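*Asks:* here is a sequence together with a model predicted from it:
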Protein chains: 4
Amino acid sequence: MQLGLIGLGRMGGNMRERLRAAGHEVIGFDPRPEVSDVNSLDALAKALNAPRVVWVMVPSGEPTRSTVTALSEVLEPGDLVIDGGNSRYTDDGPNAALLDAKGIGYLDVGVSGGIWGKANGYGLMAGGSPEHVERAMPIFDALRPEGPREEGFVHAGPVGAGHFSKMVHNGIEYGLMQAYAEGFELLSAAELITNVPGVLQAWSRGTVVRSWLLDLLVNALKDDPTLAALEDYVEDSGEGRWTIEEAIKHAVPLPVISAALFARFASRQESSPAMKAVAALRHQFGGHAVKTATGPSGVPGEHAGPSSGTGSTQG
Amino acid sequence: MQLGLIGLGRMGGNMRERLRAAGHEVIGFDPRPEVSDVNSLDALAKALNAPRVVWVMVPSGEPTRSTVTALSEVLEPGDLVIDGGNSRYTDDGPNAALLDAKGIGYLDVGVSGGIWGKANGYGLMAGGSPEHVERAMPIFDALRPEGPREEGFVHAGPVGAGHFSKMVHNGIEYGLMQAYAEGFELLSAAELITNVPGVLQAWSRGTVVRSWLLDLLVNALKDDPTLAALEDYVEDSGEGRWTIEEAIKHAVPLPVISAALFARFASRQESSPAMKAVAALRHQFGGHAVKTATGPSGVPGEHAGPSSGTGSTQG
Amino acid sequence: MQLGLIGLGRMGGNMRERLRAAGHEVIGFDPRPEVSDVNSLDALAKALNAPRVVWVMVPSGEPTRSTVTALSEVLEPGDLVIDGGNSRYTDDGPNAALLDAKGIGYLDVGVSGGIWGKANGYGLMAGGSPEHVERAMPIFDALRPEGPREEGFVHAGPVGAGHFSKMVHNGIEYGLMQAYAEGFELLSAAELITNVPGVLQAWSRGTVVRSWLLDLLVNALKDDPTLAALEDYVEDSGEGRWTIEEAIKHAVPLPVISAALFARFASRQESSPAMKAVAALRHQFGGHAVKTATGPSGVPGEHAGPSSGTGSTQG
Amino acid sequence: MQLGLIGLGRMGGNMRERLRAAGHEVIGFDPRPEVSDVNSLDALAKALNAPRVVWVMVPSGEPTRSTVTALSEVLEPGDLVIDGGNSRYTDDGPNAALLDAKGIGYLDVGVSGGIWGKANGYGLMAGGSPEHVERAMPIFDALRPEGPREEGFVHAGPVGAGHFSKMVHNGIEYGLMQAYAEGFELLSAAELITNVPGVLQAWSRGTVVRSWLLDLLVNALKDDPTLAALEDYVEDSGEGRWTIEEAIKHAVPLPVISAALFARFASRQESSPAMKAVAALRHQFGGHAVKTATGPSGVPGEHAGPSSGTGSTQG
């Protein structure tokens, strides 16, 4: 079928290729003329036969919202807009309402797979009406991995359900990554283990912890067995935060996912005000004089020789 | 090659079948005559040609230790004992020393794969000397999954390194399971998601969170989409505890794995003394009289109508 | 000085008494005629001499917002409204703007101390302009505990800073309560400790952990040494949730406060979907047949006799 | 009464002064001649009248164990040894048995209060027989704070119960410190709060979170309102680790105390291997080429302009 595709970055560009390889006609728009098939949204609308299906694949937040608004002005009743970006699910209701007022349909689709999706296919989670989902199914079938449809695609619920599912997917991902990372660190700390990358690689098949993320970590360790070249600095792109906020709204305890998120926050701090405060409290136990006399630890007994008495019995 | 195998439970019995299917001669011993090939450890030793290789696959702790002790009395110099059970790695040094005094070699091997290993192969992590590892390699090659050896087997280091690796593997596993579980709960709490099992199944291919554990959870949800038949009661078999203890020894922070372990502890409590104490403290904020007057919450403002004043501004 | 006070519940009623005892003239309004000094907001406004100071002490959220709106209609330019309830700090800006449009001033004040504040005084954190703070200072001085002003009162910053400070105060409180509660549980679990309430009471003086919360826990244990009469069910009144949300906004890691909040969420669940999912995964390790054969644990090796082989080596 | 006191460091030296001020005769021994009253353990034994009471106040572990062993050789049946140091409670049984074989009694006493104990008194938790506790009570009464005995002293149980109680005390302390520290950090991160030290100081009286630890933090902020002079590096002296290990033994969930311990571990790392691993995984999502092309973040979409497409939809 025919599809308009807005946003031809790493994700959108790859998706265009995968869709074309599957025999679909894709007309892509991107502000960079060297990758774009048309030179404006208006031209995109004109190039598509009504009723149109237009997939939006631009960054979440304002860029997606403004693109949807712009589309509401160039599309016609009966057209269908799909937001495949990483929008917060709370954006979907307003987007759908805006389009619905013009008679235009809306689907939100969470897309997972990253740069590997072009070759492997993308995991897709859709929110919206059954009719709209049905209409876009040829596109979903081309984007998702080969195999049974239900193993790479789900109609998760009404508008918002696709992005909500993708948000939870990413929250889980934070926890999974942190679990492997903690295990990697403990293996690395143990002198007993002389082949840490080999241990992780040996988990690739047969074990309970085998996964695609493990494969990626094994890959990373092939080039750099101790990750010496990397900074211990980890960004987050928002979905983990939204996941915790959603958990708070529903009173769902998420100790693991929150711990993973907070570990990322901590990784980005040059200095931790909280741990300064704990250090300050430990200093106080030892009295003000201790600060200058014995240095930062403030628990002189830890530095004193064993026969010269307990300096402090505090923690 | 020829192998003695002690312990023919679910794991040992399956391993015997997989090894035999690969062409190895396995003589198994188990106290249950109906599954055993010989009727005593002594008979096992006699039935094997020296130098022998004997794989111990019995529960960890005392059963394994006493089996190793018994083997030290029936085996001969030049023989090799492999502990493939879930022993704590700190048991390996003493076991190896006991056998070494008799001229008997020792390997510790962590085995992952559960009941599925018979068909899929087992992930193996070995600790011991290179010579001993080399000697047992035909067995390892038969037990591990098909594919490159290094994707299902590792010589992780000296004696103890195999069980240490398996311990960390299981610690990671706790974190992974809890991450999926938290995501499942949040999806289940959101009315927006009308097809929770479908969302998890759609992650099976292409997504970042795809894994064997995810496949197992999808399987479980096929029979029981809300897990209504299950208790929220989760045992632990020790490796998670050992992982945390090891992290404490090495001063490695494991916030995710510890949170997963503690969630299991909490799941088994009929009543939480800690949360009773928090409830008691909240009662105290409201004063003793509140307990009987307004019931357990103890924060009368929460029960009062909105126009009748703030009862308490405490949390 | 003269003060209008709206909301004569447990907090407002006690504050009226404390203020009157300090010599201030308090005219209180509450919809319950038996405690109210006037019978309407309009009557309250008429009973006060301009320029008026009116303290709002009603539940947070809609009740407070509607009270402020109503006040904007009965007060006059030059009057001052103080929200002393537990409002979220994000409500303060809109409230202040609404009143400012009528020439009416606004302060937000976090109030801590609960039912004990009437006798001990209340800790106060104020947000707003220095002029408004100065104007209300006689009221603050009467409400706060005896001693230096700065040990019971702070002008924390502009509008919103008072409630923000109170939010963080309550977040800390969650962490403190949980820390004591965890220690109580561990003491209670150890057979070695024959006098758990006595241990906590012995911490009342001299120790590093002495605090008012500890005193309250000691009190609670006097009546019920094992807290047998209490449910392990803990409400939360919102500030803990807001604290985490604010931490997420600022990328501040709060592992302890979030753990305390999640423990409360978990305490209120009859059954944990997440732990059902973990249980389901453990079942899957053992194969479907295990469920019915050996019951919920699903790790048959744990039930098997030590000599009959390792059932599973998974966690 | 008469007391031998071994170890005249900061704690022991202060205790000698407090005991003498209360009218007790204290003969102290320390290897540093300038502070010692006698020049050997033997001389100490000779200087005391039988039956003797000897308080050991040296660092925990080997120093305390070797001191107890040495005392078992110079003391006589009927004497009593008190270990007031920060020993792990598992040391107490062996120490008591060693002495009991010589007819010498043993008490273990947890001591809290730090450098402030000399003036304020020390919180004391004792383990041992009622007879031994009774015999040392004059010493306990002199060391503990003024006020009711039960508010500064407890006979917590048999041998080991004193140090166990102190261990839990310190575990709680970790949680309390971290809770205040997290609140301090969040207040510091919010531009709205213009007077962070003032907010904490205003909690000193009347509030729910008032405590001695809060007073210490207020003190620390008086000298250095942003703690700019401090490193965010926090030692731990062992009790927190023991607390977690004990919780694991008893299957008691301690999410808050463990989070506080792990935050200390993390504070001491120059670089976190775990967070490097998470960073590596995020790189992998973006493909190998990304590493060099766009730098460490590896999620090109985050760097791309909003109109040029979604680079990745992963977290």
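*Replies:* Sure thing, it's come through.
*Asks:* if you count neighbours, what's buried in the longest helix belonging to chain A?
*Replies:* Looking across chain A with DSSP state H, the single longest helix is helix A:161-189. Using 16 or more other CB atoms under 10 Å in any protein chain shown as the test for burial, helix A:161-189 gives A:161-189. Using the backbone N, CA and C atoms, a C-beta is placed for each residue, glycine as well.
*Asks:* roughly how far out does it sit from the chain middle?
*Replies:* 10 Å (CA atoms, centre = their mean, to the nearest Å).
*Asks:* after whichever strand in chain A runs longest, next one along is what?
*Replies:* As assigned by DSSP state E, the longest strand anywhere in chain A is strand A:105-112. Next helix or strand after strand A:105-112 toward the C-terminus (DSSP states H and E): helix A:117-120.
*Asks:* what angle do the helix or strand that comes right after that next one and helix A:161-189 make?
*Replies:* Using DSSP H and E, the helix or strand that follows helix A:117-120 in sequence is strand A:123-127. Angle of strand A:123-127 versus helix A:161-189, following axes from the mean of the first three to the mean of the last three CA atoms, to 10 degrees, is 140 degrees.
*Asks:* which residues are contacting strand A:123-127?
*Replies:* A:89, A:92, A:107-113, A:133, A:136, A:140, A:143-145, A:152-166, A:169, B:192, B:199, B:202-207, B:210 (CB atoms under 8 Å, 6 or more residues apart in numbering or on different chains).
*Asks:* from chain B, how far off is the most centrally placed residue in chain A?
*Replies:* In chain A, the residue lying closest to the centroid (CA atoms, centre = their mean) is A:Asn170, at 4.6 Å. Distance of A:Asn170 to chain B, given as CB to the nearest CB, to the nearest Å: 8 Å.
*Asks:* now swap in A:Ala97 and tell me
*Replies:* Separation of A:Ala97 from chain B (CB to the nearest CB) stands at 16 Å.
*Asks:* now swap in A:Arg52 and tell me
*Replies:* 26 Å.
*Asks:* for A:Arg135, same thing?
*Replies:* 19 Å.
*Asks:* and for A:Val208?
*Replies:* In terms of CB to the nearest CB, A:Val208 sits 5 Å off from chain B.
*Asks:* phi first, then psi, for that residue.
*Replies:* The phi/psi pair for A:Val208 (degrees, to the nearest 10) reads phi -70, psi -30.
*Asks:* my guess is it meets B:His169, correct?
*Replies:* Yes. The pair A:Val208 / B:His169 is scored as a contact, 7.4 Å apart, by CB atoms under 8 Å.
*Asks:* list residues touching both of these two?
*Replies:* With CB under 8 Å, 6+ apart, A:Val208 and B:His169 have common neighbours B:Ser112.
*Asks:* confidence score at A:Phe285?
*Replies:* Listed pLDDT for A:Phe285 reads 78.
*Asks:* secondary structure element holding it?
*Replies:* According to DSSP H and E, A:Phe285 maps onto helix A:273-286.
*Asks:* what do you get for A:Val154?
*Replies:* According to DSSP H and E, A:Val154 maps onto strand A:153-157.
*Asks:* say whether chain B is contacted by that strand.
*Replies:* Yes. Using CB under 8 Å from any CB of the partner chain, strand A:153-157 reaches chain B at A:153-157.
*Asks:* just the CA trace of that strand, in CSV.
*Replies:* Output of strand A:153-157 as CSV, limited to C-alpha atoms (Å, rounded to 0.1, in the frame of the first residue of the first chain):
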residue,chain,number,x,y,z
PHE,A,153,2.7,-6.9,17.0
VAL,A,154,-0.1,-6.2,19.4
HIS,A,155,-3.2,-4.1,19.3
ALA,A,156,-2.8,-3.1,23.0
GLY,A,157,-6.0,-1.1,23.5
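*Asks:* packing partners of it?
*Replies:* strand A:123-127, helix A:130-143, helix A:161-189, helix B:196-202 (3 or more CB pairs under 8 Å, 6 or more residues apart in numbering or on different chains; DSSP states H and E).
*Asks:* I'd like the ones you listed as TSV, with distance to C:Ser66 and mean pLDDT appended.
*Replies:* TSV is the format used below for these (distance: least, CB to CB, whole Å; pLDDT from 0 to 100):
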stretch	distance to C:Ser66	mean pLDDT
strand A:123-127	35	98
helix A:130-143	40	98
helix A:161-189	32	98
helix B:196-202	38	98
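*Asks:* ok, back up a step: the longest strand of chain A pairs with which strands, parallel or anti?
*Replies:* Here strand A:105-112 has these sheet partners by DSSP bridges: strand A:80-83 (parallel), strand A:123-127 (antiparallel).
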